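Undergrad: Would you be able to build a 3D model of this:
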Amino acid sequence: DLSFGNVLLLTLLFWLIDTLRMHFFQDRPVKRITQGLSRITKGDFKARIEPFSAISGMAEYNEIISQINKMAGELESVETLRTDFVSNVSHEMKTPLAVMQNYAELLQYPDISDKERMEYAASIAEASRRLTSLITNILKLNKLENQQIYPEAKPFDLSEQLCECLLDFESEWERKELQIETDLEDGLTVCADAELMSLVWHNLISNAVKFTEEGGTLGISLHEEDGCAVVSVHDTGCGIDSETGRHIFDKFYQGDTSHAAKGNGLGLALVKRIIDITGAEISVQSELGKGSTFTVRIPTGGDAS
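TA: The predicted model follows:
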């Protein structure tokens, strides 16, 4: 009986020790991690799980905690970007919609002149164009960022494409009496997605025309260098300060607010995304008040996919 009692006592003692060990070394860390995950799954992306000290005997859980905290940080960044994106889209859509509504109401007045009627209709058309451009760029950028557009690299004449893109803005640079300078290497072929690269040139040329004052200069050059086709779009416009330069490829960022009515701050974000997924490179050199030069390097070997 004494022997059985000792065995029973030892069994209870080991059970108690094992229970306490489970509580301190498994249940506590699991509970802490579970509570942190519960806050994150409920949308509290600022939540972080406190790691265990090295002397606690539970430091092996810190790697899991570190990865969860890292995930929460990434989710917090994504949520901030999403919130900012929705806010910016709402703001950008509100302006042209307000213009369209105001001028549409003015058009209903029976005593306005034909000249006023034409001016109001033109303003509505311009606001509609801005809204269409905004929505189009948002859809394109969304597809690019979600990898719903895959580059199809095929050989094409880059010099010919640049000429065509430049001519698309002929009426605009003629209206502003800009001096056009071209230095294009004839017959330079690259293997890239022609449609996506066309979007790049259209955005860069559009910005150059927009930010260059009347009588200024817009230049485009193309040459081959170190296995790359190098395209430079230069203007003698307002230039870019250092603060703008740090954010120039961010969505909706517009450094020169005096020209904000002509754009929506998505053009260069779209350009940067295309450059990234096609394996090209882009850089910018600018001096405030003296103009900007955007340079794009495209590998000619056809490995940009």
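Undergrad: Please make it C-alpha for all contacts and neighbour counts, starting now.
TA: OK.
Undergrad: Quick check: which ranges of the stretch 51-200 of the chain have low pLDDT?
TA: Along the stretch 51-200 of the chain, segments meeting pLDDT under 70 span 55-58, 80-89, 91-92, 137, 141, 144-149.
Undergrad: at 80 what do you get?
TA: 54-60, 77-95, 130, 133-134, 136-151 (pLDDT under 80).
Undergrad: Show me the strands in it, by range?
TA: 154-157, 179-184, 189-192 (DSSP state E, counting those that start in this stretch).
Undergrad: chain center to the last one, what's the gap?
TA: When C-alpha coordinates are averaged (CA atoms, centre = their mean, to the nearest Å), strand 189-192 and its chain have centres 25 Å apart.
Undergrad: list the buried ones in stretch 175-184?
TA: Neighbour-count burial for stretch 175-184, counted by 16 or more other CA atoms under 10 Å, picks out Leu178, Leu184.
Undergrad: can you list the residues that contact it?
TA: The contact list for stretch 175-184, computed with CA atoms under 8 Å, 6 or more residues apart in numbering, reads Ser159, Glu213, Glu214, Gly215, Gly216, Thr217, Leu218, Gly219, Ile220, Ser221, Leu222, His223.
Undergrad: hmm, 6 Å instead?
TA: By CA atoms under 6 Å, 6 or more residues apart in numbering, the residues outside stretch 175-184 that reach it are Glu214, Gly215, Gly216, Thr217, Leu218, Gly219, Ile220, Ser221, Leu222.
Undergrad: need the strands of the stretch 51-200 of the chain in JSON lines with distance to Asp44, can you?
TA: Formatted as JSON lines, the strands of the stretch 51-200 of the chain follow (distance: least, CA to CA, whole Å):
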{"stretch": "strand 154-157", "distance to Asp44": "46"}
{"stretch": "strand 179-184", "distance to Asp44": "54"}
{"stretch": "strand 189-192", "distance to Asp44": "43"}
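Undergrad: so what's Ile220 up against?
TA: The neighbourhood of Ile220, defined by CA under 6 Å, 6+ apart, consists of Thr182, Ser232, Val233.
Undergrad: so which strand or helix has it?
TA: Element membership of Ile220, judged by DSSP states H and E, is strand 217-225.
Undergrad: Now that strand: buried residues?
TA: For strand 217-225, the neighbour count (16+ other CA under 10 Å) marks Thr217, Leu218, Gly219, Ile220, Ser221, Leu222, His223, Glu224 as buried.
Undergrad: now swap in stretch 110-117 and tell me
TA: Applying a neighbour-count criterion of 16+ other CA under 10 Å, one finds Arg117 buried in stretch 110-117.
Undergrad: How far away from the center of its chain is it?
TA: Worked out by CA atoms, centre = their mean, stretch 110-117 lies 43 Å from the chain centre.
Undergrad: next one: stretch 122-139
TA: In terms of CA atoms, centre = their mean, the centre of stretch 122-139 is set 19 Å apart from its chain centre.
Undergrad: and that stretch, C-alpha only, in PDB?
TA: In PDB, the C-alpha atoms belonging to stretch 122-139 read as follows (Å, rounded to 0.1, in the frame of the first residue of the first chain):
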ATOM      1  CA  ALA A 122     -16.400  73.300 -74.100                       C
ATOM      2  CA  SER A 123     -15.800  73.300 -70.300                       C
ATOM      3  CA  ILE A 124     -18.100  70.300 -69.900                       C
ATOM      4  CA  ALA A 125     -16.300  68.500 -72.600                       C
ATOM      5  CA  GLU A 126     -12.900  69.300 -71.000                       C
ATOM      6  CA  ALA A 127     -14.000  68.100 -67.600                       C
ATOM      7  CA  SER A 128     -15.400  65.000 -69.200                       C
ATOM      8  CA  ARG A 129     -12.100  64.400 -70.900                       C
ATOM      9  CA  ARG A 130     -10.200  64.700 -67.500                       C
ATOM     10  CA  LEU A 131     -12.600  62.300 -65.800                       C
ATOM     11  CA  THR A 132     -12.300  59.800 -68.600                       C
ATOM     12  CA  SER A 133      -8.500  60.100 -68.500                       C
ATOM     13  CA  LEU A 134      -8.500  59.600 -64.700                       C
ATOM     14  CA  ILE A 135     -10.600  56.500 -64.800                       C
ATOM     15  CA  THR A 136      -8.600  55.100 -67.700                       C
ATOM     16  CA  ASN A 137      -5.300  55.600 -65.900                       C
ATOM     17  CA  ILE A 138      -6.700  54.100 -62.700                       C
ATOM     18  CA  LEU A 139      -7.900  51.000 -64.600                       C
END
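Undergrad: What sits closest to Thr217 if chain neighbours are left out?
TA: Nearest in space to Thr217, with sequence neighbours left out and distances taken as CA to CA, 6 or more residues apart in numbering, is Gln179 at 4.6 Å.
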